[in-house]
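> Mind looking at a prediction? Sequence and model below.
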Amino acid sequence: MTNQPEQSTCVIVGASHAGVNLAFSLRKAGYVGAIALIDADPTLPYHRPPLSKAYLISDDPIERNALKSPESYEKSTISLHLGCRVTHLDAGKQTITFDSASNGTTEVMYYSQLVLATGASPIIPPIPGSQQAVNLFPLRTALDVNNIKQAMRQKAAPKVVIIGGGYIGLETAASLKKLGADVTVLEREERILARVTTPTMSSYFTNLHEQNDVNILCNKNVEGLSLKGNINQLHCDDDTVYEADIIIVGVGVRVNTELAKMANIEIDNGLKVNEFGATATKNIYAIGDCSNHFNPHYGRFIRLESVQNAVDQAKCVAQAICGQPVPYNTIPWFWSDQFDIKLQMVGLSEGFTDVVVRKEHTDKFSLWYFNGSQLLAVDAVNNAKDYVVATKTIKNGLVVDKTTLGDHSTAVQFL
């Protein structure tokens, strides 16, 4: 237990996975001061991964995906300020200013500790003609998904074009295909997932989607939008045109840095933090998608967009605030569900020199990424066993025998 003064107040800006987990982790670590969670989203904080998957294809209200029940916040004396937008941060006076959703006034709140869990916003490319497009949406919040659902109900088997062949775009494509949409994915790179995985994995997911009647088109750069009646026309720079009743943009995100700039926090692909999640500005921390932290295992600063990172960083910062600092040093992991395929990823493959494929059959295999003898990361398709072994291997710094690794009938050997 820590001896926090009664008047201490921890203000958390951002009530998604990082912010909510921090609030409850603070209580678990013994924080006895006030805790305030502020978020512009008016909805009770909810799980994000289902947005492009289960929630998109269901009729369930978003409340069924709540991170915590309303009673949980009350029991832990965590005050929620939802539908409130923070407009100013004064690091010198240690105050934040926000619009109050309850009475429409502006409030100023003092903080002893401030945690920025502000996340990121979807990038909407300035495509000429996009202002006139109908049913054009990003997919980042419950409101975005609700808008997509409403648009889907307007027409049987609507034509949907997804701009961007990353994981969010592909998960959305799979979900909408299940709902009966005619789905096309336009990717400007030469292959989908080009920035995050190997050609082998890109080829696998291209084939998976094409087998499920999703059109995957690469080297497609959308340079203009127009309307023909109520149908969107997407004009690519190779003179091809694609029609869409619904357009979904999934080309990446931009870190929300407005408040950080007000506090002169160093920004470099996110808010720079030390091993305890603290910025160089007194009493201000950053966690989740917006933070750029030093990862001792990989020896460099990294910014991660994952639930795992949000939850683990939240625990780390809670301990630091409560005087029980433990450096943040976890191995990143991610997952993606598309159709009946589960992809589990552990580690970061950047800088790999060679890849070993460990294949049992077409839909059950894993890719092992090495830099020399060091295992950097593993992508496992429908192969939880390899994922678990890989996680332990990377975490413990074990050296894998690559000469036998490709034989799936043999257990992973170590040198």
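Structure's in. What do you need?
> Name the residues of the helix or strand where Y369 lies that are buried.
Here Y369, judged by DSSP states H and E, is contained in strand 364-371. Within strand 364-371, the residues scored as buried using 16 or more other CB atoms under 10 Å are K364, F365, S366, L367, W368, Y369, F370. All C-beta atoms are positioned from the backbone trio N, CA, C, and that covers glycine.
> could you pull out the strands for the stretch 251-400 of the chain?
For the stretch 251-400 of the chain, the strands defined by DSSP state E, counting those that start in this stretch cover 253-255, 271-272, 284-286, 291-295, 300-302, 333-338, 341-347, 354-361, 364-371, 374-381.
> Quick one, which of those strands gets closest to L170.
strand 333-338 (5.6 Å; CB to CB).
> what lines up beside the closest one in the sheet?
strand 341-347 (antiparallel) (DSSP bridges).
> pLDDT on the partner strand, on average?
What strand 341-347 shows for mean pLDDT is 97.
> Assumed I35 was part of a strand.
Yes - under DSSP: H, G, I helix; E, B strand; the rest coil, I35 falls within a strand.
> what's the burial count for it?
Neighbours of I35 under the rule other CB atoms under 10 Å: 24.
> With E71 instead?
Using other CB under 10 Å, E71 has 8 other residues around it.
> what comes into contact with the host helix or strand of it?
Using DSSP H and E, E71 maps to helix 70-75. In this structure, residues lying in contact with helix 70-75 by CB atoms under 8 Å, 6 or more residues apart in numbering are A23, F24, L37, L44, S79, L80.
> Most neighbours out of those residues, which is it?
Going by other CB under 10 Å, A23 tops the contacts of helix 70-75 with 29 neighbours.
> what's the spacing between the nearest residue to L398 once chain neighbours are set aside and V145?
Excluding its sequence neighbours, the residue lying closest to L398 (CB to CB, 6 or more residues apart in numbering) is F414, at 5.1 Å. In this view, F414 and V145 are 44 Å apart by CB to CB, to the nearest Å.
> Which one's more surrounded, those two?
Counted by other CB under 10 Å, F414 and V145 do not tie: V145 has more neighbours, with 20 against 10.
> Would you agree T410 is in contact with T404?
Yes - taking CB atoms under 8 Å as the definition, T410 is a contact partner of T404 at 5.3 Å.
> These two: which is more packed in?
Counted by other CB under 10 Å, T410 and T404 do not tie: T404 has more neighbours, with 14 against 11.
> In which helix or strand does that one reside?
Assigned by DSSP H and E, T404 falls in helix 402-405.
> Show me what that helix packs onto, helices and strands only.
Under the contact criterion of 3 or more CB pairs under 8 Å, 6 or more residues apart in numbering; DSSP states H and E, helix 402-405 touches strand 354-361, strand 364-371.
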